[in-house]
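Engineer: Generate coordinates for the sequence data below:
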Amino acid sequence: MIGGDSIAIGHFNCIGYAFSGYVGKLFAKKNEEEGEKEAKELPEFFKLFKDFVFSVALFMIVLFYVVTIACLVTGHFGDTLANNKPFTSYFGNDMWWIWPFLAGLQFAAGMSVLVYGVRQFIAEITAAFVGISEKLIPDARPAVDCPAIFPFAPNAVIIGFIGSFLGGLVAMALMVAFHSPTIMIPAAGICFFSGGTCGVCGYAYGGWRGALLGSFLVGIFLTAGPLILYPAFAQLGIAEASFPNVDYNIVGSIIYGIGSLFGLA
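Structural biologist: Residues are numbered from 1 along each chain as shown. Below you'll find the predicted structure:
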């Protein structure tokens, strides 16, 4: 995935990342065949989308316009959001039809800063870790946060975000359909970072198909998985709260189950 073993991922969704990679392997052969074909036939215009900043900016501008126009058409422009402010408060001094364009560019700028900063961080921490791996812990590798692998397949991050969020929406719809007493709403931040990393892992083996399907399946668990530990949080006195990442819920449910057998939970 990164062309070496200089770093590892130390995050709360590693089971999901591994699963997404295995899903990507299902498309490995087809991806290799199509990769050779696309390299010969891809029009010059579509090569623009290989640029990470351009792809992110275009996608986010379209997304912001879709949300803004949807609010305008449905009459929710003045609705109060979770921060007790109306949707129009985000516009500031900008016209409503200009704000989505500027917001998309700002998001792309922030992502480019993150990606380039991570590249510098990886170079620095890898060099600094040499002394530890040589003298204290032989063959040790630093485990870094999930955004550290974004630069290796930045466009796959967006695919993973989309797939993960769609998976979360499907999980939420199933909860509603089956009359679940608790409805989990997909968290956009988790879908971006955890889902985006799943996209990178799936993309490494199966191209865009692996990125999309792997992140979609993990996205379902990111939203539905917290239902497993929801009773445990209630016993701790933490009402209406959960942790959406995969490792929390799988490892936590195992510990909770063992504790329940011995009357400790």
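
Engineer: Can you tell me the closest non-neighbouring residue to Asn155?
Structural biologist: Ser55 (5.2 Å; CB to CB, 6 or more residues apart in numbering). Heads up, the C-betas are built off the backbone N, CA and C, glycines and all.

Engineer: My error: substitute Gly195 in the last question.
Structural biologist: In space, Gly195 is closest to Ser164, 2.4 Å off (CB to CB, 6+ apart).

Engineer: Could you do Gly3 as well?
Structural biologist: Phe152 (7.9 Å).

Engineer: if we can go back for a sec, what about the residue nearest to Gly195, which SS state?
Structural biologist: For Ser164, the assignment made with DSSP: H, G, I helix; E, B strand; the rest coil gives helix.

Engineer: what about it, distance to Tyr65?
Structural biologist: 21 Å (CB to CB, to the nearest Å).

Engineer: Neighbour count: those two, which is higher?
Structural biologist: Ser164 (36 against 16; other CB atoms under 10 Å).

Engineer: Let me know the pLDDT of Glu33.
Structural biologist: Looking at Glu33, its pLDDT reads 67.

Engineer: quick one: average confidence on stretch 132-139?
Structural biologist: For stretch 132-139, the per-residue pLDDT averages 76.

Engineer: can you check stretch 63-75 too?
Structural biologist: 84.

Engineer: Can you get me the centre-to-centre distance for that stretch and its chain?
Structural biologist: Counting by CA atoms, centre = their mean, to the nearest Å, stretch 63-75 is centred 23 Å from the centre of its parent chain.

Engineer: Identify each buried residue in it, please.
Structural biologist: Leu63, Phe64, Tyr65, Thr68, Cys71 (16 or more other CB atoms under 10 Å).

Engineer: Great, nothing more from me.
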